[in-house]
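**Q** The following comprises the amino acid sequence and a computationally predicted model.
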Amino acid sequence: MLRLLRWYGSLGLATKQFLYMFIVTLTLFMLLAWRNLHESESLLRNQMINDAELLVSRTNQYIDASLDNVENILLLLSTQSELLEENNEEKALKTLRTFASKNNTIAKSLYMIRTDGKVYASSQVFYDIIGNPHLQELYELALQNYGGINVSEPYYSPLSGHTLAYVLPIMDAQTKLKGVVVAEVDLEMLSLQITPKNNQSYVLFTKDGNVINRLGISDKLLPYQHATYPPVLQSEFQEQLVSLKLGVSSILLDDMKSLVAVKSTSNRLGWSLAAFIEEDYFYKDLQSLNNNYRTASFIWIIILLISAYLMSRSFTMPIRRFVERMDRLNDLQVVTKLTVTRRDEIGRLMLSYNAMLERIQVLLKKTKSAEELKKGYELKMLRSQIAPHFLYNTLGCISSLAKQQRIDEVRETIRSLIKLLSFSFDRQSEFVPIEEELECLRMYMYIQQIRYGDQYRYEIHCEESLLQYRILKLTLQPLVENALFHGLTPKNGGHIVIKGRLEKGVVRFYVCDNGVGISSDEMKKLLDDSNEQERSRFRFTGIGLRNVHERIQIHYGEQYGMRIRSVKGKGTMIRLDIPLLSENEEKLGIWD
């Protein structure tokens with residue numbers, strides 16, 4: 001806590017004000033939002049439960065109405081005992097067919113069984129061929145509750161498929177038993193009325209847990225026994241059906257899937273209807289509500305952030321501007337005065353700040369002039385250090401040419417050496433046109449080719465539009481010299497290519513050779529100051545790769561300079577980036 005207080009105390013005035021306004025407002029908003037969300041969730045949850053219970057109740061009422069229709073058929077047929085007389089067989093069959101055809105939505109097959117075992121069926125032809133082995137049991141079931149309607153457990157009928165039967169004794173006017181009427185219910189049709197949908201399923205079951213409706217293989221929601229057809233519920237799940245409480249409850253399956261169970265009250269037959277819905281699907285509206293609240297909260301938080309920022313900004317902007325301007329003193333290259341428009345304490349602070357800036361600018365100019373003079377003297381001293389070995393070897397080569405009477409080559413070599421020395425000793429400017437730099441390079445390579453013969457070849461390709469622009473003197477010559485002595489000499493010959501072009505507003509030179517390449521250790525040595533003096537004995541000047549890189553960054557900035565890429569045994573490529581600099585820009589000191 002103490003550390004947090006220290007951190008808060010170290011913050012600026014604007015940040016403290018912003019944090020205070022934002023946190024207090026956000027806390028109040030989140031409390032109100034949480035309370036509203038909790039109440040909305042409770043109302044929505046109750047509404048969804050009521051809707052689910054209403055749906056199950058209406059489905060149960062539909063089942064009761066369908067079964068009432070079957071009972072009415074039995075009652076009507078039980079009053080027509082004359083149909084069981086010996087001479088009324090045709091009339092009985094016609095009556096059964098009529099009732100079956102008009103009520104085929106739920107009553108699949110109708111039977112009238114006489115006391116002597118004679119059976120009349122609504123589908124007499126099929127019955128005569130297939131038969132129905134359950135009729136004897138149904139006959140006995142009807143006699144158990146004498147005078148009342150009995151209902152069997154579900155079974156499989158050859159004529160009606162998956163079914164259950166309503167049975168009722170038939171009495172004559174003297175209450176003498178004439179036979180039994182049987183109606184097999186089309187459970188397939190009944191199941192279609194309560195067929196499962198996506199993310200939900202229904203089970204109609206007896207008080208003992210026996211499932212009445214036919215379960216479909218497409219229903220993936222409920223747990224079934226493996227390798228059974230038609231599908232049969234797992235015994236553990238059937239036991240849970242019986243113990244389900246009325247209304248809404250939750251069931252956790254073995255695969256950790258959670259179901260919401262909605263159970264209706266039992267009907268006259270003791271059947272119960274249970275609807276099973278995936279919990280995620282059942283409460284999807286709650287998820288939507290939560291998502292809406294999250295979205296609204298995010299939007300309000302953004303609004304609070306913006307509002308708190310704008311209010312804090314309006315109060316503290318003058319102070320923040322003043323502090324920001326003072327922070328810019330970290331960059332000594334950017335020193336700007338403040339525009340004073342206020343007459344209060346902040347205005348007086350700004351006036352004092354401007355006076356301090358004027359003194360800083362004077363000191364910066366003096367320091368910069370002294371540094372530039374120092375750099376100029378150092379660079380002139382470097383250029384004046386013409387390596388004695390280079391002069392000795394060149395003069396020895398001229399002497400050898402003279403002895404061989406190769407007068408033209410002597411003349412051209414002396415001319416190249418004079419131009420090279422004149423170019424190096426020139427004190428007029430640090431910068432020269434790119435065209436002159438390339439001409440100096442040609443003079444240098446001519447002398448080297450005279451010394452070593454045709455084993456060294458070179459090419460220079462530069463866009464003509466770049467020749468008029470300026471470059472630091474003796475920038476390219478050290479790169480070519482490095483390629484010559486460290487790349488080609490160990491190989492006893494090779495090829496050097498110098499390319500210059502404009503890429504993305506930057507003048508880019510490439511110096512490529514097909515020499516022996518440079519390893520990472522050798523590259524470090526080339527850029528190491530400790531070995532610079534030893535290597536400079538064999539150069540034309542005392543300027544090495546490190547000098548070239550540092551000169552470019554001193555004059556143009558750190559975004560410019562030299563990049564080296566080498567593959568051992570294949571060659572080396574040096575890329576040099578400098579700004580596009582005209583003569584006028586050079587005089588004004590503008591590099592970008």
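**A** Received, thanks.
**Q** how distant is stretch 496-513 from the center of its chain?
**A** On the basis of Cα atoms, centre = their mean, to the nearest Å, stretch 496-513 is displaced by 41 Å from the centre of the chain it belongs to.
**Q** buried sites along it?
**A** Across stretch 496-513, burial judged by 16 or more other Cβ atoms under 10 Å covers 496, 497, 498, 500, 507, 508, 509, 510, 511, 512, 513. Placement of C-beta: from N, CA and C, glycine included.
**Q** Quote the end-to-end distance of it.
**A** End-to-end distance for stretch 496-513: 5 Å, by Cα to Cα, to the nearest Å.
**Q** Need the contact partners of that stretch.
**A** 434, 438, 441, 445, 456-463, 465-466, 469, 471, 476, 479-480, 483-484, 487-488, 494-495, 560, 571-580 (Cβ atoms under 8 Å, 6 or more residues apart in numbering).
**Q** just checking, which of those residues belong to strands?
**A** 456-462, 471, 494-495, 571-579 (DSSP state E).
**Q** Make a ChimeraX selection of whichever of those turn out to be buried.
**A** Buried members of these, defined by 16+ other Cβ under 10 Å, are picked up in ChimeraX with:
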select :456,458,460,462,471,494,495,571,572,574,575,576,577,578,579
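**Q** any idea which of the buried residues of stretch 496-513 is closest to residue 145?
**A** Proximity of the buried residues of stretch 496-513 to residue 145 was ranked by Cβ to Cβ; the top entry is residue 508 with 105.6 Å.
**Q** Mind telling me what element the closest one is part of?
**A** If you go by DSSP states H and E, residue 508 is part of strand 506-513.
**Q** May I have the strands that pair with that strand, each with its orientation?
**A** Here strand 506-513 has these sheet partners by DSSP bridges: strand 494-503 (antiparallel), strand 571-579 (antiparallel).
**Q** Run through the neighbouring helices and strands of the next helix or strand after it.
**A** Next helix or strand after strand 506-513 toward the C-terminus (DSSP H and E): helix 520-526. Helix 520-526 sits against no helix or strand, with contacts defined as 3 or more Cβ pairs under 8 Å, 6 or more residues apart in numbering; DSSP states H and E.
**Q** Next, the buried residues of helix 520-526.
**A** Per 16+ other Cβ under 10 Å, helix 520-526 contains these buried residues: 523, 526.
**Q** What mean pLDDT does it get?
**A** Average pLDDT, helix 520-526: 77.
**Q** who's in contact with it?
**A** With contacts defined as Cβ under 8 Å, 6+ apart, helix 520-526 is touched by 482, 486, 518, 531, 535, 544, 545, 546, 564, 566.
**Q** Return the distance of it from the chain's centre.
**A** Taking Cα atoms, centre = their mean, one finds the center of helix 520-526 at 43 Å from the center of the full chain.
**Q** before we move on, what about stretch 353-361?
**A** Centroid separation for stretch 353-361 versus its chain: 51 Å, with Cα atoms, centre = their mean.
**Q** try stretch 441-457
**A** For stretch 441-457 - counting by Cα atoms, centre = their mean - the centre lies 59 Å from the chain centre.
**Q** Let me see the mean pLDDT of that stretch.
**A** 85.
**Q** What residues of that stretch count as buried?
**A** Per 16+ other Cβ under 10 Å, stretch 441-457 contains these buried residues: 441, 443, 444, 445, 446, 447, 448, 450, 451, 456.
**Q** any idea how far the third one lies from residue 189?
**A** In other words, residue 444. Distance, residue 444 to residue 189, by Cβ to Cβ, to the nearest Å: 104 Å.
**Q** just to revisit the earlier point, how about a markdown table for the strands paired with strand 506-513, with distance to residue 210 and mean pLDDT added?
**A** Converted to a markdown table, these look like this (distance: least, Cβ to Cβ, whole Å; pLDDT from 0 to 100):
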| stretch | distance to residue 210 | mean pLDDT |
| --- | --- | --- |
| strand 494-503 | 85 | 93 |
| strand 571-579 | 87 | 93 |
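**Q** before we move on, what SS does residue 181 have?
**A** Taking DSSP: H, G, I helix; E, B strand; the rest coil as the rule, one finds residue 181 in the strand state.
**Q** Point out the least confident member of the contacts of helix 520-526, please.
**A** residue 535 (49).
**Q** and residue 350, which of the strands paired with strand 506-513 is closest to it?
**A** Closest of the strands paired with strand 506-513 to residue 350 is strand 571-579, at 36.0 Å (criterion: Cβ to Cβ).
**Q** Dump the closest one to PDB, keeping only the CA atoms.
**A** Taking Å, rounded to 0.1, in the frame of the first residue of the first chain, the C-alpha atoms of strand 571-579 are listed here in PDB:
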ATOM      1  CA  GLY A 571      32.900 -12.400 -52.100                       C
ATOM      2  CA  THR A 572      31.900  -9.300 -50.200                       C
ATOM      3  CA  MET A 573      29.400  -6.600 -50.700                       C
ATOM      4  CA  ILE A 574      29.600  -3.200 -49.000                       C
ATOM      5  CA  ARG A 575      26.500  -0.900 -49.200                       C
ATOM      6  CA  LEU A 576      27.000   2.800 -48.500                       C
ATOM      7  CA  ASP A 577      24.000   5.100 -47.900                       C
ATOM      8  CA  ILE A 578      24.200   8.900 -48.100                       C
ATOM      9  CA  PRO A 579      21.600  11.600 -48.500                       C
END
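**Q** and the buried residues of stretch 441-457, which of them are in helices?
**A** Judged by DSSP state H, the buried residues of stretch 441-457 include 441, 443, 444, 445, 446, 447, 448, 450, 451 as members of helices.
**Q** Might one say that the last one is in contact with residue 397?
**A** Yes: applying Cβ atoms under 8 Å as the test, residue 451 and residue 397 come out as touching, 4.9 Å apart.
**Q** circling back to that earlier point, from the buried residues of stretch 496-513, pick the one nearest residue 143.
**A** Distances from residue 143 to the buried residues of stretch 496-513, taken by Cβ to Cβ, are shortest for residue 508, at 109.5 Å.
**Q** Mind giving me the packing neighbours of the helix or strand in which residue 297 is found?
**A** If you go by DSSP H and E, residue 297 is part of helix 284-327. With contacts taken as 3+ Cβ pairs under 8 Å, 6+ apart, helix 284-327 sits against helix 13-78, helix 345-384.
**Q** so which of these is the most packed in?
**A** Comparing the helices and strands packed on helix 284-327 by mean neighbour count (mean count of other Cβ atoms under 10 Å), helix 13-78 ranks first with a mean of 15.
**Q** Remind me what whichever helix or strand comes after that one packs against, helices and strands.
**A** Sequence-wise, the next helix or strand downstream of helix 13-78 (DSSP H and E) is helix 89-102. Secondary-structure packing of helix 89-102 (3+ Cβ pairs under 8 Å, 6+ apart): helix 13-78, strand 107-114, strand 119-121.
**Q** rerun at 10 Å
**A** Judged by 3 or more Cβ pairs under 10 Å, 6 or more residues apart in numbering; DSSP states H and E, the packing partners of helix 89-102 are helix 13-78, strand 107-114, strand 119-121, helix 124-130, strand 177-186.
**Q** So residue 209: helix, strand or coil?
**A** coil.
**Q** Please determine how far it is located from residue 137.
**A** Taking Cβ to Cβ, one finds residue 209 at 21 Å from residue 137.
**Q** go on, residue 257?
**A** 39 Å.
**Q** and if you look at residue 422?
**A** With Cβ to Cβ as the criterion, residue 422 and residue 137 are 129 Å apart.
**Q** Residue 353 against residue 340, yeah?
**A** Yes: contact criterion Cβ atoms under 10 Å: residue 353 and residue 340 qualify, at 9.2 Å.
**Q** before we move on, the earlier item: can I get the strands paired with strand 506-513 in JSON lines with distance to residue 68?
**A** Shown next, in JSON lines, are these (distance: least, Cβ to Cβ, whole Å):
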{"stretch": "strand 494-503", "distance to residue 68": "91"}
{"stretch": "strand 571-579", "distance to residue 68": "95"}
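**Q** give me the low-pLDDT residue ranges for the stretch 51-200 of the chain?
**A** For the stretch 51-200 of the chain, residues meeting the criterion pLDDT under 70 lie at 103-105, 146-147, 193-199.
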